[in-house]
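Asks: Return atomic coordinates for the entry below.
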Amino acid sequence: MKPIPQMETTELRSRLQDGETVYMIDVREDEEVAAGMISGAKHIPMGEIPNRLDEIPRNQEVVIICRSGGRSQHVCEFLTHQGLDNVINMKGGMLQWHDDEE
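Replies: Next up, the predicted model:
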């Protein structure tokens, strides 16, 4: 299996600030996203991904987001095994996203 593509938080932020539409899925749990999500991201908790595959587009890149980049990496690997070759892991997750803001 080829390595899962990784996107730096700074690249994602830059693309969003440039007005680009980026399809993002936040796989954190409900209590985690209650503290805040990236504007425009869709929330699908990691455990619900297998039952909600039909909600994930296959015709555009999809950035997968979690707290630190670990769960999102696992979700990317799972989705790749399901035949989706358009998924990208947000490296460092929301911890890195918030660190960039400081």
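
Asks: Does F78 touch P50 like I think?
Replies: Yes: proximity of F78 to P50 meets the contact threshold set by C-beta atoms under 8 Å, at 7.5 Å. To be clear about C-beta, it is placed using only N, CA and C from the backbone, and glycine gets the same treatment.

Asks: Tell me the secondary structure of T80, please.
Replies: helix (DSSP: H, G, I helix; E, B strand; the rest coil).

Asks: Now for the residue positioned nearest the centre of the chain: which residues touch it?
Replies: Central residue of the chain (C-alpha atoms, centre = their mean): I64, 1.5 Å from the mean position. By C-beta atoms under 8 Å, 6 or more residues apart in numbering, the contact set of I64 is 24-25, 27, 72, 75-76, 79, 87-90.

Asks: between the residues you listed, which is nearest G40?
Replies: Nearest to G40 among the contacts of I64, counting by C-beta to C-beta, is M24 at 6.4 Å.

Asks: what's the nearest residue to K42 if we skip its chain neighbours?
Replies: Excluding its sequence neighbours, the residue lying closest to K42 (C-beta to C-beta, 6 or more residues apart in numbering) is I25, at 5.2 Å.

Asks: Check E8 too.
Replies: Nearest-residue entry for E8: K91, 5.7 Å, with adjacent residues in sequence omitted and distances by C-beta to C-beta, 6+ apart.

Asks: What's the local residue count around the one you found?
Replies: Neighbour count for K91, taken as other C-beta atoms under 10 Å: 18.

Asks: With I38 instead?
Replies: Neighbour count of I38, defined by other C-beta under 10 Å: 18.

Asks: try G69
Replies: So G69, with other C-beta under 10 Å, has 20 neighbours.

Asks: Identify the residue spatially nearest to it, adjacent ones excluded.
Replies: Nearest residue to G69, sequence neighbours excluded (C-beta to C-beta, 6+ apart): G93, at 4.3 Å.

Asks: how about the residue nearest to the centre of the chain, secondary structure?
Replies: Each residue gets one of three states, and I64 gets strand by three-state DSSP.

Asks: again, but for T10
Replies: Assigned with three-state DSSP, T10 falls in the helix class.

Asks: And the pLDDT at the closest residue to it other than its chain neighbours?
Replies: Nearest residue to T10 in three dimensions, chain neighbours excluded: D100, at 6.0 Å (C-beta to C-beta, 6+ apart). In this model, D100 is scored at 86, pLDDT.
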